[in-house]
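Peer 1: What follows is a protein structure lacking sequence information:
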DNA sequence: CCGGATCCGTTTCGATACTG
DNA sequence: CAGTATCGAAACGGATCCGG
């Protein structure tokens, strides 16, 4: 299925928000899983806790790819597998995702790992640098 | 109209994201307009650039209210008008919204006021403190 | 006028079944 | 494994109507 660029009449706003990603639950979850959980393949996303339907998953992966947030390629180890990776643009979502996660844990009760949260909150710059480094290396 | 709590099977995730707000375009735009543009009333939101339909607007305001992100009250100046304000929980969305806006301006071309962006980027803590102060004063 | 509620055609979603 | 195809259900959006 092709990612239909549903035309938005909401552009031209002085203070704008990229709704293509931030307005959509699935896109947000996919990026989070890619960034923090190390998920890479179609079936890993499909089997994750969110129970996304295969057609929606395919659609969102296509949209995110055409938005330049992730790229699709053959797994170097196993050529049958397709591999999704964040682009530079995608990795750059980290600060926003971190703030979103922090707000969520402050205001809804979650069972997020406390040490991870502490790293996000108290050593923000270090934490973001680590994410970048992890992606740079491989 | 009541805010229907469309049940999510996506909870229990170690690193969670509050999809109720970050997963919905309109909610995000309403909070942004409340936070940065000073919009307060139903008709101000309705007449804003986004061209939201009245039923959708009413639904999202109700959802955001029941999520504890904003409150509804009579305008002290004009009792006929209804006034929407961010709660503490809503104001606390500022860091996330700021990162979202910064990412958007970095990666899509927008015509956001450059001095505003500079304030967000270079004097982040001061900028966030100012938002809080503005809301504390009334 | 202001703040919605209701109706209704269109679009999107989501579950499942199916395919290369 | 990595997706399409299909189809009923839900959400959207526009227009109009309504109570205060």
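Peer 2: Right, received. Where do you want to start? Everything numeric in this text was worked out from a predicted model, so none of it was measured. Numbering: from 1, shown residues only, chains lettered A, B, ... in the order given.
Peer 1: Next one: the residue most central in space within chain A, what pLDDT does it get?
Peer 2: The C-alpha lying nearest the average C-alpha coordinate of chain A belongs to residue A:31 (CA atoms, centre = their mean; 0.8 Å). On the pLDDT scale, residue A:31 is placed at 98.
Peer 1: just the one 10 residues further on next, same as before
Peer 2: Confidence per residue is given as pLDDT, and for residue A:41 that number is 95.
Peer 1: Assess the claim that it and residue A:83 are in contact.
Peer 2: Yes. Using CB atoms under 8 Å, residue A:41 is in contact with residue A:83, at 6.5 Å. In short, each C-beta sits where N, CA and C put it, glycine included.
Peer 1: Identify the contacts common to these two.
Peer 2: Common contacts of residue A:41 and residue A:83 (CB atoms under 8 Å, 6 or more residues apart in numbering or on different chains): residue A:75.
Peer 1: who in chain A is up against DNA strand C?
Peer 2: For chain A, the residues in contact with DNA strand C (CB under 7 Å from any atom of the strand) are A:4, A:6, A:24, A:26, A:51-56, A:59.
Peer 1: Can you turn the buried subset of the residues you listed into a selection I can paste into PyMOL?
Peer 2: Of these, the buried ones can be selected in PyMOL as follows, counting by 16 or more other CB atoms under 10 Å in any protein chain shown:
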select buried, chain A and resi 24+26+52+59
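Peer 1: Which of the residues of chain A next to DNA strand C fall within strands?
Peer 2: Using DSSP state E, no member of the residues of chain A next to DNA strand C falls within strands.
Peer 1: Make JSON lines out of the residues of chain A next to DNA strand C and add distance to residue A:36 and pLDDT.
Peer 2: What follows is those, written out as JSON lines (distance: CB to CB, whole Å; pLDDT from 0 to 100):
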{"residue": "A:4", "distance to residue A:36": "29", "pLDDT": "45"}
{"residue": "A:6", "distance to residue A:36": "28", "pLDDT": "46"}
{"residue": "A:24", "distance to residue A:36": "18", "pLDDT": "97"}
{"residue": "A:26", "distance to residue A:36": "16", "pLDDT": "97"}
{"residue": "A:51", "distance to residue A:36": "18", "pLDDT": "89"}
{"residue": "A:52", "distance to residue A:36": "17", "pLDDT": "96"}
{"residue": "A:53", "distance to residue A:36": "22", "pLDDT": "97"}
{"residue": "A:54", "distance to residue A:36": "23", "pLDDT": "97"}
{"residue": "A:55", "distance to residue A:36": "25", "pLDDT": "98"}
{"residue": "A:56", "distance to residue A:36": "21", "pLDDT": "98"}
{"residue": "A:59", "distance to residue A:36": "22", "pLDDT": "98"}
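Peer 1: all helices for chain A, in order.
Peer 2: Listed in chain order, the helices found in chain A under DSSP state H are A:19-22, A:25-32, A:42-47, A:54-66, A:88-91, A:94-107, A:114-122, A:124-137.
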